[in-house]
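# sequence unknown, structure follows:
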């Protein structure tokens, strides 16, 4: 206390009163507080800019990921639809291949039966012609002795009425020989029978020749039909193989797209979480900054009001009136200072107490308490504590600034990395666009080839239809004829 009194005497001697010293301290504290407020505003502005930039970058990344996810989902849906369509086409082609094989097998069976029927009929014609040659030679000799008419009776192509005439003639020849009847009548009948057999021989030769021609025609038609069925089966099998390979590629791409889709979804979830955390952090720091700024503004307003009170005319007049006399009164200075300045300090204390209650500031509450108990020493102590507190806050702000600098550096590096990725992706896009152009040209060429193949297939189908119509007319003609088809089946099953 003695040192404070001595300092007061020195201050008065130098022309600076304790009141002016307190005012100067409060003004310095206000200036420092305003400077720190401005510095904090600058730092917070940089932090807000970083928040806005980071949120915009993350929002763009999330939008790109959402677009990529939508594109991949659309691609997967299309690929799955294509695979389903290819599966149906492959199944249809496989069924067609099996049907071609079944038709070829059925045609082969029918052809085998036709060949067997031809061989049997051809052999019957040959044997009958041989028998007719023998019968004619025998009859030309003038007798029927020694000729076996049983072989002719077994022929399936000999008319029944002819066989009855021959049998009757053979019987009459035996009777003539036994009864020694005149031979003139017998010889006249023999000449007529020989002529009839010659006509039958010529007819059977013509029919056998026609049978051979028909057999050759049926054989040729069978070979053409089996060849066409084989070609169609091979073509359908190749088409099925190509479509199977295409389906395998699409299924592989579905698996790859599924992996890319899962990766994009994970990235988007991570970016959304980071954005939500960033928004919460930025909002919290903004709220803290607003609270600190409001509190500092109210503290500076209270300090400014206290300065106005201490700098008022009543306080200045009291100091000028009483402080010079204290140089002579010595130890009475303390009681005189207290009595002279008590009303003014009461005002200061009351105002500081009101400001503390209004703002909730602990520093203003401490200043008000100090003003009530010890107007100068405790106020000085309070100001010192406030300065320490402000320094601590400055240190906190410096740490926050360092954190902001670190985040800004990290964000800058992230932007640099993303820019590199964008450049790589742009390069990939250009390469894919070039590949797409090349593939488009190839697709156009393949479409031309497909059109040519479709034209060839249409011509082949028309040829096959014509062949089927020809075979149908043949089989229907066979059914209507009264010749060979009565002895062998005319089946069209498995061919038409």
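Great, that's in hand. The structure presented is a predicted model; accordingly, all values stated were derived computationally and were not measured. Numbers count the residues shown, from 1 in each chain.

# Could I get the full set of helices for the stretch 51-200 of the chain?
Assigned by DSSP state H, counting those that start in this stretch, the stretch 51-200 of the chain shows helices spanning 150-153, 160-179, 183-310.

# among the ones you listed, which is nearest residue 123?
Among these, the nearest to residue 123 by C-beta to C-beta is helix 183-310 (10.3 Å). Where C-beta positions appear, they are placed from N, C-alpha and C, glycine not excepted.

# Residue 194 and residue 139 touch, don't they?
Yes - look at residue 194 against residue 139 with C-beta atoms under 8 Å: they come within range, at 5.0 Å.

# Neighbour count for those two, which is higher?
For the pair residue 194 and residue 139, the greater number of neighbours falls to residue 139 (19 against 16), based on other C-beta atoms under 10 Å.

# Would you confirm that residue 58 contacts residue 270?
No - look at residue 58 against residue 270 with C-beta under 8 Å: they stay out of range, at 10.1 Å.

# what about those two, which has more around it?
The residue with more neighbours, out of residue 58 and residue 270, is residue 58; 18 against 13, by other C-beta under 10 Å.

# Tell me the pLDDT of the more buried one.
We have a pLDDT of 90 for residue 58.

# Please apply the same query to residue 299.
pLDDT, residue 299: 78.

# tell me the angle the helix or strand containing residue 440 makes with helix 183-310.
In this structure, residue 440 is located in helix 377-480 according to DSSP states H and E. For helix 377-480 against helix 183-310, the angle by axes from the mean of the first three to the mean of the last three C-alpha atoms, to 10 degrees is 170 degrees.

# other SSEs contacting helix 377-480?
helix 18-140, helix 183-310, helix 362-373 (3 or more C-beta pairs under 8 Å, 6 or more residues apart in numbering; DSSP states H and E).

# Buried deepest among those, which one?
Greatest average neighbour count among the helices and strands packed on helix 377-480 goes to helix 362-373 (a mean of 19), per mean count of other C-beta atoms under 10 Å.

# ok so, going back, let me have the helices and strands packed on helix 377-480 in TSV, extended by distance to residue 440.
TSV is the format used below for these (distance: least, C-beta to C-beta, whole Å):
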stretch	distance to residue 440
helix 18-140	18
helix 183-310	17
helix 362-373	75
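
# so which of those helices gets nearest residue 353?
Of all the helices and strands packed on helix 377-480, helix 362-373 sits nearest to residue 353, with 3.9 Å by C-beta to C-beta.

# Please work out the average pLDDT along stretch 97-108.
The pLDDT scores in stretch 97-108 average 91.

# so residue 59 makes contact with residue 275?
Yes - at 6.9 Å, residue 59 and residue 275 qualify as touching, with contact defined as C-beta under 8 Å.

# shared neighbours, those two?
Shared contacts of residue 59 and residue 275, defined by C-beta atoms under 8 Å, 6 or more residues apart in numbering, are absent.

# which sections of this structure are below the confidence cut-off?
By pLDDT under 70, the weakly predicted segments of the chain are 1-19, 142-153, 167, 169-189, 311, 313-349, 351-352, 359-387, 390, 471-496.

# Go again with 90.
Scanning the chain for pLDDT under 90 picks out 1-41, 43-44, 47, 114, 124-201, 204, 285, 288-496.

# From residue 216, how far off is residue 127?
The gap separating residue 127 from residue 216 is 21 Å, by C-beta to C-beta, to the nearest Å.

# Residue 222 too?
Distance of residue 222 to residue 216, computed by C-beta to C-beta: 11 Å.

# Kindly report the same for residue 207.
Distance, residue 207 to residue 216, by C-beta to C-beta: 15 Å.

# Same question for residue 60.
With distances taken as C-beta to C-beta, residue 60 is found 81 Å from residue 216.

# got it, and residue 275?
In terms of C-beta to C-beta, residue 275 sits 86 Å off from residue 216.

# Equivalent analysis for residue 193, please.
In terms of C-beta to C-beta, residue 193 sits 35 Å off from residue 216.

# same thing with residue 411?
Separation of residue 411 from residue 216 (C-beta to C-beta) stands at 91 Å.

# just residue 439 next, same as before
To residue 216, residue 439 is 53 Å away according to C-beta to C-beta.

# before we move on, what about residue 301?
Going from residue 301 to residue 216 by C-beta to C-beta gives 124 Å.

# and if you look at residue 433?
63 Å.

# With residue 451 instead?
Residue 451 is 39 Å from residue 216, by C-beta to C-beta.

# same thing with residue 194?
From residue 194 over to residue 216 the distance is 33 Å, taken as C-beta to C-beta.

# Please apply the same query to residue 353.
Distance of residue 353 to residue 216, given as C-beta to C-beta: 132 Å.

# nearest residue to residue 400 other than its sequence neighbours?
Excluding the flanking residues, the one nearest residue 400 by C-beta to C-beta, 6 or more residues apart in numbering is residue 43, at 7.1 Å.

# I'd say the one you found and residue 403 touch.
No - in this structure residue 43 lies outside contact range of residue 403 using C-beta under 8 Å: 10.4 Å.

# can you count the residues close to the nearest residue to residue 46 once chain neighbours are set aside?
Using C-beta to C-beta, 6+ apart and skipping the chain neighbours, the partner closest in space to residue 46 is residue 404 (6.3 Å). The burial count assigned to residue 404 is 18, neighbours taken as other C-beta under 10 Å.

# Residue 404: what's it in contact with?
Contact analysis of residue 404 by C-beta under 8 Å, 6+ apart lists 43, 46, 47, 50.

# Check the gap between it and residue 39 for me.
13 Å.

# Contact partners for residue 122?
208, 211, 212, 215.

# Touching, the first one and residue 130? I think so.
Going back to what we said before, that points to residue 208. No - taking contacts as C-beta under 8 Å, residue 208 lies outside contact range of residue 130: 11.8 Å.

# hmm, back to that, what's near enough to touch the residue nearest to residue 400?
By C-beta under 8 Å, 6+ apart, the neighbours of residue 43 are 397, 400, 401, 404.

# which of the residues you listed lies closest to residue 285?
The nearest one, if we look at the contacts of residue 43 relative to residue 285 and count by C-beta to C-beta, is residue 400, at 8.0 Å.

# Number of residues surrounding the closest one?
Residues near residue 400, counting by other C-beta under 10 Å: 17.

# quick one: it from residue 289, how far?
Residue 400 is 10 Å from residue 289, where distance means C-beta to C-beta.

# Can you verify my assumption that residue 415 contacts residue 58?
No - applying C-beta under 8 Å as the test, residue 415 and residue 58 come out as separate, 11.5 Å apart.
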